[in-house]
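> model the following, please.
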Amino acid sequence: MKMRKDVGVPIVCLIAGCTVLERPEREYSSNRPVLEEVPRLSGYSVDPARFELVGTDIREDSITYQYRGVEFVGDRAWVVRFSEKSTEQNPDALTEVVALLPFIAESRAGFELGEEGTREIGGSTARFARYRFESPVRDVEGKPFPVHGIVAAVRVDSSAGPIVYQIKLDNHGDRDAVRWEDLSPFLAPIAQR
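Modelled structure (predicted):
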């Protein structure tokens, strides 16, 4: 029996256990172009040399931006920007970081609150709190990596009404601490308003 050459080589390779040297590229419809437009359209842009925008959640009255560190790969951050509604019962509560801390502390071993304070930014007052906890990720000796974090909130006036920004930055293992100054990439777009 004579085997056709165009069929014979693949069959011989399969029988002999050869691997195919060519691998098809994974094709998918990436949302990267949409993510790249969100900062421009929303008017909130963070230095891409320091933080990469990896996700957003857009609602009628809020946007949540999710970031991954470029300079420090252990950085994870989110910024929630929302419009304060005229029907808010207690608008000052939106900038109280102490109200956010129980949610941050939930299910995080060894959570410790650090420095709390206020800072002026662009004519507004920002409130912040620093904290730390134990990462679920362990080193070779089984010790948890320390996570250092900071959360801040600030209200700014706009022509459409007050906007509140809540910012949270955690570092998982490659910083000794996270300080107020580390929020500068997230505060710069607010201060420029």
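
> who touches whichever strand or helix holds Ser184?
Taking DSSP states H and E as the definition, one finds Ser184 inside helix 184-191. Contacts with helix 184-191, where a contact means CB atoms under 8 Å, 6 or more residues apart in numbering, come from 43-47, 50-51, 77, 79, 121-122, 124, 126, 152, 154, 156, 165, 167, 169. C-beta: built from backbone N, CA, C; applies to glycine.

> buried subset of those as a ChimeraX selection?
Here is the ChimeraX command that selects the buried residues among the contacts of helix 184-191 (16 or more other CB atoms under 10 Å):
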select :44,46,50,51,77,79,121,124,126,152,154,156,165,167,169
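
> from the contacts of helix 184-191, which land in helices?
Judged by DSSP state H, the subset of the contacts of helix 184-191 located in helices is empty.

> need the residues that contact stretch 158-170.
In contact with stretch 158-170 (CB under 8 Å, 6+ apart) are residues 75-84, 86, 91, 94-95, 97, 100, 104, 147-157, 178, 182-183, 186-187, 190, 193.

> typo on my end, it should be stretch 31-39
By CB under 8 Å, 6+ apart, stretch 31-39 touches Ser45, Val46, Leu53, Val54, Gly55, Thr56, Ile58, Ile63, Tyr65.

> just the buried subset of those, please.
Using 16+ other CB under 10 Å, the buried ones in the contacts of stretch 31-39 are Val46, Leu53, Thr56, Ile63, Tyr65.

> from those residues, which is closest to Glu115?
Set against Glu115, the nearest of those by CB to CB is Val46 (23.3 Å).

> wait, that closest one sits on Gln66?
No. Here Val46 lies out of contact with Gln66, judged by CB atoms under 8 Å, at a distance of 11.1 Å.

> please identify every residue contacting each of the two.
Counting by CB under 8 Å, 6+ apart, the residues touching both Val46 and Gln66 are Leu53.

> buried ones in the helix holding Ser184?
Within helix 184-191, judged by 16+ other CB under 10 Å, the buried ones are Pro185, Phe186, Leu187, Pro189, Ile190.

> hey, where'd the helices end up in the chain?
In the chain, the helices defined using DSSP H lie at 5-16, 32-42, 97-105, 184-191.
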